[in-house]
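1. Below are the sequence and a predicted model for it; my questions follow.
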Amino acid sequence: MSPKVSREHLRKRRAKILEAAKQVFIQQGYERTTMKHVMDAAEVSRGGLYQYFSNKEDLYEAILEGDLSKAVSETDESLEMEVVSHWKLLKQKIFGENGEPDDEMDPMAPSNLEFFITGRNDHRRREYGQKRYKLGLKLYANVIEAGQRSGEFSQKYDSGLIARSIISYIDGLSLDGAILPKEEIQLKEQSTLLLDYLKAVLEVEEE
């Protein structure tokens with residue numbers, strides 16, 4: 001009788017496949033990536049890969065789901081504790097841990113755009129895109145709403161509307177990043193402008 005594989009081992013192997021796949025998608029883009037590329041990068045057999053993911057779409061959705069769900073969970077946990085600065089927390093959710101704009105685009109952004117645009121007429125992918133949008137909306141809106149309740153942010157504008165404007169900004173940059181040279185985008189400058197906009201809309205006092 002062959003020994004049973006522990007759940008922890010299966011979890012680690014799945015995580016290894018996802019990380020390898022993520023790097024392949026960054027290098028190749030969504031459309032050009034094949035399951036064979038992922039097999040080679042993750043150093044797993046065909047059976048080992050298909051044990052976890054039935055096709056490339058399943059695999060890509062798992063990457064997207066993991067990243068965004070983790071961000072939403074971490075945000076919810078942060079809001080359950082006493083938040084010193086909702087403004088600082090909001091900036092971290094937009095720009096990463098240090099909360100400051102830089103010139104580095106999310107390396108998955110072009111592939112994400114490709115995934116949703118090429119699948120815009122596919123019912124499953126449209127449903128997933130809508131689900132992902134709602135999760136992203138929750139991520140930003142919850143922080144803004146908490147800041148409004150605490151009195152740190154102005155309640156002049158609806159938290160959901162402001163959250164939508166943030167998502168539109170990020171999606172727009174993803175499109176720019178897919179078709180324009182990096183220096184054309186002026187990512188840091190545009191991001192600084194976004195902060196000025198949010199600061200004015202939320203009536204944030206100078207830090």
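-> Structure received.
2. Just give me the neighbour total for residue 203.
-> Counted by other Cβ atoms under 10 Å, the residues lying close to residue 203 total 12. (C-beta placed from N, C-alpha, C; glycine too.)
3. Quick check: closest non-adjacent residue to it.
-> Spatial nearest neighbour of residue 203, chain neighbours left out: residue 154 (3.7 Å); criterion: Cβ to Cβ, 6 or more residues apart in numbering.
4. Helix, strand, or coil at that neighbour?
-> Residue 154 carries the three-state label coil when classified by DSSP: H, G, I helix; E, B strand; the rest coil.
5. Tell me how far it lies from residue 96.
-> The spacing between residue 154 and residue 96, counted by Cβ to Cβ, to the nearest Å, is 25 Å.
6. tell me the helices in the chain, going along the chain?
-> Applying DSSP state H to the chain gives helices spanning 7-28, 35-42, 46-50, 56-80, 86-95, 109-118, 123-150, 159-179, 182-185, 187-202.
7. out of these, nearest to residue 103?
-> Ranking these by distance to residue 103, with Cβ to Cβ as the measure, places helix 187-202 first at 4.8 Å.
8. tell me the contacts of residue 156?
-> With contacts defined as Cβ atoms under 8 Å, 6 or more residues apart in numbering, the neighbours of residue 156 are 201, 203.
9. Quick check, pLDDT for it.
-> pLDDT, residue 156: 97.
10. show me the contacts for the residue positioned nearest the centre of the chain.
-> Nearest to the geometric centre of the chain sits residue 68, at 4.9 Å (Cα atoms, centre = their mean). Applying Cβ under 8 Å, 6+ apart, we find residue 68 in contact with 132, 135-136, 139.
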